[in-house]
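Enquirer: sequence unknown, structure follows:
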């Protein structure tokens with residue numbers, strides 16, 4: 001079955017950086033768009049970043065644009081989220097998701113999440 005396992009979260013001071021990883025199994029990520037989402041306490045889950053299946057096109061939420069980069073290594077079946085200049089409002093559980101190939105983009109597969117806490 002498809003499994004997405006995130007890692008790399010932790011506690012970091014404001015202004016710091018973290019690199020999240022998402023290792024996929026049971027699905028070849030080179031065939032699918034990959035995305036990152038986050039869920040902060042008391043808020044709705046929100047989109048952070050995604051790419052297309054080649055990884056050449058990337059899309060970001062306005063709140064993270066310029067501070068966050070999504071990338072992938074298809075040879076490792078892994079997608080990354082490099083986060084710089086972190087702010088306290090970036091504190092959330094971050095989830096990796098694997099999207100659909102055709103038609104309207106949906107996210108049928110999700111990881112278990114990794115906590116990112118930014119102290120001010």
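Expert: In hand now; what should we look at? All figures in this text were calculated on a predicted structure; none of them were measured in a lab. Numbering: from 1, shown residues only.
Enquirer: so what's residue 43 up against?
Expert: Residues near residue 43 by CB atoms under 8 Å, 6 or more residues apart in numbering: residue 92. Bear in mind the C-beta positions are built from the backbone N, C-alpha and C, glycine included.
Enquirer: look up how far residue 7 lies from it.
Expert: Per CB to CB, to the nearest Å, residue 43 is found 23 Å from residue 7.
Enquirer: now the residue nearest to the spatial centre of the chain, which residues is it bridged with?
Expert: Nearest to the mean C-alpha position of the chain, counting by CA atoms, centre = their mean, stands residue 36 at 2.5 Å. In this entry, residue 36 is beta-bridged to residue 49, residue 96, by DSSP bridges.
Enquirer: confidence score at it?
Expert: On pLDDT, residue 36 comes in at 98.
Enquirer: surely it and residue 21 touch.
Expert: No: here residue 36 lies out of contact with residue 21, judged by CB atoms under 8 Å, at a distance of 10.9 Å.
Enquirer: list residues touching both of those two?
Expert: With CB under 8 Å, 6+ apart, residue 36 and residue 21 have common neighbours residue 79.
Enquirer: any low-confidence regions in the protein?
Expert: Scanning the chain for pLDDT under 70 picks out nothing.
Enquirer: all strands for it, in order.
Expert: 3-7, 10-13, 18-25, 34-39, 46-51, 58-60, 68-73, 78-83, 92-98, 109-110, 114-119 (DSSP state E).
Enquirer: helices or strands next to the first one in the packing?
Expert: Using 3 or more CB pairs under 8 Å, 6 or more residues apart in numbering; DSSP states H and E as the contact criterion, the secondary-structure elements in contact with strand 3-7 are strand 18-25, strand 92-98.
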